[in-house]
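J.: sharing a model prediction with you, sequence too.
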Amino acid sequence: MLAKLASYTLIGIEAEPVEVEVDVSASGVPKTVLVGLAEAAVRESTHRVERALVNSGYRRPSDRIVINLAPADLKKDAGGFDLPIALGLLLGSGQVALERAADFAVIGELALTGETRPIKGALSIALKARAEGRRALLLPSSNAAEAAVVQGLDVYPVGSLAEAVGLLSGMLDAEPTAIDLDVVFRRLAHYEEDFSDVKGQDAAKRALLVAASGCHNLLMIGPPGTGKTLLARRLPTIMPPLSPAESLETTRIYSAMGLLGAQPLLGVRPFRSPHHSVSDAGLVGGGSTPQPGEISLAHKGILFLDELPEFNRKTLEVLRQPLEEGRVTISRALRSVTFPAEFVLVAAMNPCPCGYRGDPRKACNCSPPQVERYLGKISGPLLDRIDLHIHVPAVPFTQLAEAPPGPTSSTILEEVLRARARQLDRFDGGPPGVNGRMTPRQVRKHCVLKPESSALLKGAMEELGLSARAHDKVLRVARTLADLEGTADIEPHQVAEAVGYRSLDRSVWS
């Protein structure tokens, strides 16, 4: 007897439909054959399923069994086919009648006891099921809340194979999992950090305000212990709250990697801080079966690279294209996979190997060649793609001990939201939505300078030797400064401040 069930597999972070066909034939030598370009995790499922059937009180068919995962040319590499295969075996061998099976898509891994185990990518699977017009999705209980955030799809959780049989046969009454998205967002949209924790560093705070307002990349340079990491970790708190659409985009990346934990959604912007020993594949994604890297996990949030020169130069260079395009494409022999990677890059570094060059508190013992080699680990093209370069000096004791608390994150956020509102009006709510991602054509349209501002920029270009890309970066930052001040035109002092954020082109790299 032939049984068919609908299921899904993950390709990157996208779910692809798979039809699970199970044919149980009484004639022939008893044998189980699994076909359909199955990888090791799927091939092993036949052994798990057999023991799960027996330990759940069912009979293991002793007939010839052929299991086909269609389409045949799509690679399947996950344990999520255990549950549909087990149900197909029970249905094909005539042990149960699953009248409701045609209405459901089924996904889930089984333990040897017959209990269900969580799968990766439940959110992407639920989104795909809804897009295909599926009415209901059956999946492990631990994934139910994650999948239930997709409105318009009934999500039924099951804790065991027996429970799945009861639900699909109509013998078990169950209600679909319901999630109130407003309640979830209110519970999760909370940061532990706050800008009021930072003493001093007014210039750095100003730069972070600009970065948050226009989604500009930022490089902080200063001696150890001056608060670079402290500042970076507070940048998400002054960025606009995640919208439901942004949250779904970001959450499904974490879902595909199995990093969601108990929470059904991400309520705050992600902050990723990979170690400098990270590999190319760990940073941008890759592997024989392409997986997202740190830059995709930072989608709609912050990618913080501390001790920037300590990263492998080749690894840093792979950031150049994602910084420009907001996505990364991993190509393999059979197919290419594209992951979203729209993030704000925040980098921090010391001015020299010992860290104390220019610090009045301690003497620097680094020779000029050592400093040159250290700084030379960062290429000019990568530096060009960073909008704001700022010095973060040591904070005097008086500011640490006596300075009153600075403005809170909520106070700074109000300024950011006003600037973002002006940008949304400018771009009519469409792409790019923020100044930091304007195309060259949009820069020419929205960043027209007055003669005095143009003359100031021309002088800076000649003195600093800025590239054409850096020229556009200055205009984008100047446009954000004008939005913060609420001026329609870009004023000369705003150009001067934007140029000031390129000072590292001259003072450090020349």
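T.: Received the coordinates, thanks. Numbering: from 1, shown residues only.

J.: which residues touch K75?
T.: T9, I11, L37, E39, T289, L334 (CB atoms under 8 Å, 6 or more residues apart in numbering). Heads up, the C-betas are built off the backbone N, CA and C, glycines and all.

J.: most neighbours among the residues you listed, which one is it?
T.: In terms of neighbour count, T9 stands highest of the contacts of K75 at 23 neighbours, by other CB atoms under 10 Å.

J.: could you pull out the strands for the stretch 351-500 of the chain?
T.: Ranges of strands in the stretch 351-500 of the chain, per DSSP state E, counting those that start in this stretch, are 388-391.

J.: pLDDT weak spots in it?
T.: Applying pLDDT under 70 to the stretch 351-500 of the chain flags no residue at all.

J.: for it, just list every one of the helices.
T.: 368-375, 380-384, 397-402, 409-426, 440-446, 451-464, 468-485, 492-500 (DSSP state H, counting those that start in this stretch).

J.: off-centre distance for stretch 243-260?
T.: 7 Å (CA atoms, centre = their mean, to the nearest Å).

J.: any buried residues in it, and which?
T.: Applying a neighbour-count criterion of 16 or more other CB atoms under 10 Å, one finds 246-257, 260 buried in stretch 243-260.

J.: identify the residues contacting G57.
T.: Applying CB under 8 Å, 6+ apart, the residues near G57 are A162.

J.: now do the phi/psi pair for it.
T.: phi 90, psi 10 (degrees, to the nearest 10).

J.: how close does the residue nearest to R469 when sequence neighbours are not counted get to A348?
T.: Spatially, and ignoring its direct neighbours in sequence, R469 is nearest to D384 (4.7 Å; CB to CB, 6 or more residues apart in numbering). Look at D384 and A348: by CB to CB, to the nearest Å, they are 18 Å apart.

J.: ok, E193 - how many residues close by?
T.: Neighbour number of E193 under other CB under 10 Å is 15.

J.: then I295?
T.: I295: 27 neighbours (other CB under 10 Å).

J.: cool, and D428?
T.: Neighbours around D428, by other CB under 10 Å: 8.

J.: got any ranges where this structure has weak pLDDT?
T.: By pLDDT under 70, the low-scoring segments of the chain are 504-510.

J.: can you give me the domain assignment for it?
T.: 2-169, 215-406 (automatic domain parsing).

J.: E19 - nearest residue in space that isn't next to it in sequence?
T.: A70 (4.6 Å).

J.: what about that neighbour, distance to R51?
T.: 26 Å.

J.: surely G80 and V20 touch.
T.: No - using CB atoms under 8 Å, G80 is not in contact with V20, being 10.5 Å away.

J.: which neighbours do these two have in common?
T.: S7.

J.: who has more neighbours, the two?
T.: Comparing G80 with V20 by other CB under 10 Å, the one with more neighbours is G80, at 31 against 23.

J.: picking up where we left off before, just put the buried residues of stretch 243-260 in TSV and tack on secondary structure.
T.: Formatted as TSV, these follow (DSSP: H, G, I helix; E, B strand; the rest coil):
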residue	secondary structure
E246	helix
S247	helix
L248	helix
E249	helix
T250	helix
T251	helix
R252	helix
I253	helix
Y254	helix
S255	helix
A256	helix
M257	helix
L260	coil
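
J.: in a markdown table: those residues, plus distance to K199.
T.: Shown next, in a markdown table, are those (distance: CB to CB, whole Å):
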| residue | distance to K199 |
| --- | --- |
| E246 | 32 |
| S247 | 33 |
| L248 | 38 |
| E249 | 36 |
| T250 | 32 |
| T251 | 35 |
| R252 | 39 |
| I253 | 35 |
| Y254 | 34 |
| S255 | 39 |
| A256 | 40 |
| M257 | 37 |
| L260 | 35 |
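
J.: how about the contacts made by I390?
T.: Counted by CB under 8 Å, 6+ apart, I390 has contacts A203, A204, A207, L218, L219, M220, I221, Y501.

J.: where is the longest strand in this structure?
T.: strand 14-25 (DSSP state E).

J.: what comes into contact with that strand?
T.: Counting by CB under 8 Å, 6+ apart, 1-10, 36, 61, 63-71, 74, 76, 81, 84-85, 88-89, 91-93, 106, 121, 124-125, 127-129, 132, 337 sit against strand 14-25.

J.: helix or strand right after it?
T.: Per DSSP states H and E, the first helix or strand lying C-terminal to strand 14-25 is strand 31-35.

J.: can you list the buried residues in that following strand?
T.: Within strand 31-35, the residues scored as buried using 16+ other CB under 10 Å are T32, L34.

J.: direction included, what does that strand pair up with?
T.: strand 64-70 (parallel) (DSSP bridges).

J.: now the helix or strand just after the strand it pairs with against strand 64-70, angle please.
T.: Sequence order places helix 82-92 as the next helix or strand after strand 64-70, per DSSP H and E. For helix 82-92 against strand 64-70, the angle by axes from the mean of the first three to the mean of the last three CA atoms, to 10 degrees is 130 degrees.

J.: which elements pack onto helix 82-92?
T.: Other helices and strands packing on helix 82-92, by 3 or more CB pairs under 8 Å, 6 or more residues apart in numbering; DSSP states H and E, are strand 2-11, strand 14-25, helix 45-55, strand 64-70, strand 104-106, strand 109-110, helix 161-169.

J.: compare those and give me the one nearest M239.
T.: strand 14-25 (26.7 Å; CB to CB).

J.: that closest one versus strand 31-35: what angle between them?
T.: Here strand 14-25 runs at an angle of 150 degrees relative to strand 31-35 (the same axes, to 10 degrees).

J.: neighbouring strands of strand 14-25 in the sheet, and parallel or not?
T.: Strand pairing (DSSP bridges) places strand 14-25 next to strand 2-11 (antiparallel), strand 64-70 (antiparallel).
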